[in-house]
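In: generate a structure from the sequence data that follows.
(2 chains)
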Amino acid sequence: MTRRILLVDDEDDIREVAGMSLETVAGWTVLAASSGREGIKIAAEQQPDAILLDVMMPDMDGPTTFQNLQNNDKTKAIPVIFLTAKAQMREQRGFRELGAQGVISKPFDPLTLADQISEFLGWK
Amino acid sequence: MIPMSPDPEAIARAKQILERLWEQHKGTILERVSALEIAAASAPHLDVAARQEARSAAHKLAGSLGTFGYNDASDWARESEQILEKEQIDTADQQRLVANAQKIRNLLATPRSRS
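Out: Alright, predicted model coming up:
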């Protein structure tokens, strides 16, 4: 089944590798945003099946972006998976308690990223 | 984790595109290594802004390098990020920062062998 995923990450290379991976390996459609604000706008307009959201971003960080998505009727039902540095994985429980569906650590393996997302969202 | 029965052709295509993306972003990544080298040379006398800039470069390197298959380099960058987060950077820390930047530089100078 073709899925539509929104990637929100301020780093071009991470966004491009993740996007390539999900499109090429999994055959999903990928939407991309380079900031939290842009991500919120695209999520509301495009209604993706899930959002992969970087934690550490300038301007609006991942948790703040997540709260904004949760407070918006148009986006609150879209599942979110946080993408975070390995060193921040200790905060994983906190992200889960916020309501995130999962946490994926950076660096990730581009060849298995779709597997990880599917596992968290029960898309197997 | 149960794998999604990956299509071998798709995997091969993804690896090819990954190589192209590496070439495309290598310049930016090497600039970040340079930033780390410069910061390492002047640690422990970095001001707050310079230290923050170096920490950000190390953080981005840790994420990018591992994603492109350079897992050891990613770990060295992560260690450098953690050193740059410390309140005080001593001589041993500085030596570690210099060594890590050098190891990353050397590794990136060798041909890629991601299988």
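In: chain A against chain B: which residues are in contact?
Out: By CB under 8 Å from any CB of the partner chain, the residues of chain A that approach chain B are A:11-14, A:16-17, A:20-21, A:24-27, A:56, A:85-87, A:106-112, A:114-116, A:118-119, A:124. (Glycine included, C-beta is placed from N, CA and C.)
In: which of those residues are buried?
Out: A:11, A:13-14, A:16-17, A:20-21, A:24-26, A:56, A:85-87, A:106-108, A:110-112, A:114-116, A:118-119 (16 or more other CB atoms under 10 Å in any protein chain shown).
In: keep only those of the residues of chain A next to chain B that are in helices.
Out: A:12-14, A:16-17, A:20-21, A:24, A:114-116, A:118-119 (DSSP state H).
In: quick one: residues in contact with stretch A:77-91.
Out: With CB atoms under 8 Å, 6 or more residues apart in numbering or on different chains as the test, stretch A:77-91 has contacts from A:6, A:9, A:14, A:18, A:43, A:47-56, A:62, A:66, A:69, A:92, A:95, A:99-108, A:117, A:120-121, B:59, B:62-63, B:78, B:81-82.
In: looking at chain B, which residue is nearest chain A?
Out: Here chain B gets closest to chain A at one residue, residue B:66, 2.4 Å apart by CB to the nearest CB.
In: for the helix or strand containing that residue, packing partners?
Out: Secondary structure assignment for residue B:66, by DSSP states H and E: helix B:48-67. With contacts taken as 3 or more CB pairs under 8 Å, 6 or more residues apart in numbering or on different chains; DSSP states H and E, helix B:48-67 sits against helix A:12-24, strand A:80-85, strand A:102-106, helix B:8-42, helix B:71-84.
In: isn't residue A:95 up against residue A:61?
Out: No: at 11.8 Å, residue A:95 does not count as touching residue A:61 under the criterion of CB atoms under 8 Å.
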